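A.B. asks: sequence? don't have it. structure:
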């Protein structure tokens, strides 16, 4: 049990990094799309 929890604790930072990385990419793409929408609104509608 102790070893399992230790492994989980060691893995957790990687999971957090991965989640943060995905979130940052998602937000970045959203910003790009929002800028494009402002430039040409009718293309997406």
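C.D. replies: Sure thing, it's come through. Keep in mind it's a predicted model, so treat the numbers as computed, not measured.
A.B. asks: pLDDT score assigned to residue 24?
C.D. replies: Note on residue 24: pLDDT of 94.
A.B. asks: which stretch of helix or strand covers it?
C.D. replies: helix 2-39 (DSSP states H and E).
A.B. asks: Which neighbouring elements make contact with that helix?
C.D. replies: Applying 3 or more C-beta pairs under 8 Å, 6 or more residues apart in numbering; DSSP states H and E, we find helix 2-39 packed against no helix or strand. Yep, even glycine has a C-beta here, placed from its N, CA and C like the rest.
A.B. asks: so how far is that helix from its chain's centroid?
C.D. replies: With C-alpha atoms, centre = their mean, to the nearest Å as the basis, helix 2-39 stands 3 Å off its chain's centre.
A.B. asks: from here on, count from 22
C.D. replies: Happy to do that; since the first residue is 22 now, the last one works out to helix 23-60.
A.B. asks: Now do the residue most central in space within the chain against residue 51, distance only.
C.D. replies: By C-alpha atoms, centre = their mean, the chain has its centre lying nearest to residue 44, at 1.7 Å. Distance from residue 44 to residue 51, counting by C-beta to C-beta, to the nearest Å: 10 Å.
A.B. asks: And for residue 24?
C.D. replies: 41 Å.
A.B. asks: So between those two, which is more surrounded?
C.D. replies: residue 51 (10 against 7; other C-beta atoms under 10 Å).
A.B. asks: which residues does that one contact?
C.D. replies: Contacts of residue 51 were listed using C-beta atoms under 8 Å, 6 or more residues apart in numbering, and none were found.
A.B. asks: Okay, now the unreliable bits of this structure?
C.D. replies: 22, 60-66 (pLDDT under 70).
A.B. asks: ok, now with 80
C.D. replies: 22-24, 26-33, 56-66 (pLDDT under 80).
A.B. asks: How many residues are close by residue 58?
C.D. replies: 13.
A.B. asks: Pull the distance from stretch 46-63 to the chain's centre.
C.D. replies: 16 Å.
A.B. asks: what about residue 26, neighbour count?
C.D. replies: The number of residues near residue 26, taken as other C-beta under 10 Å, comes to 9.
A.B. asks: Repeat that for the one 3 residues further on.
C.D. replies: Applying other C-beta under 10 Å, we find 10 other residues in the vicinity of residue 29.
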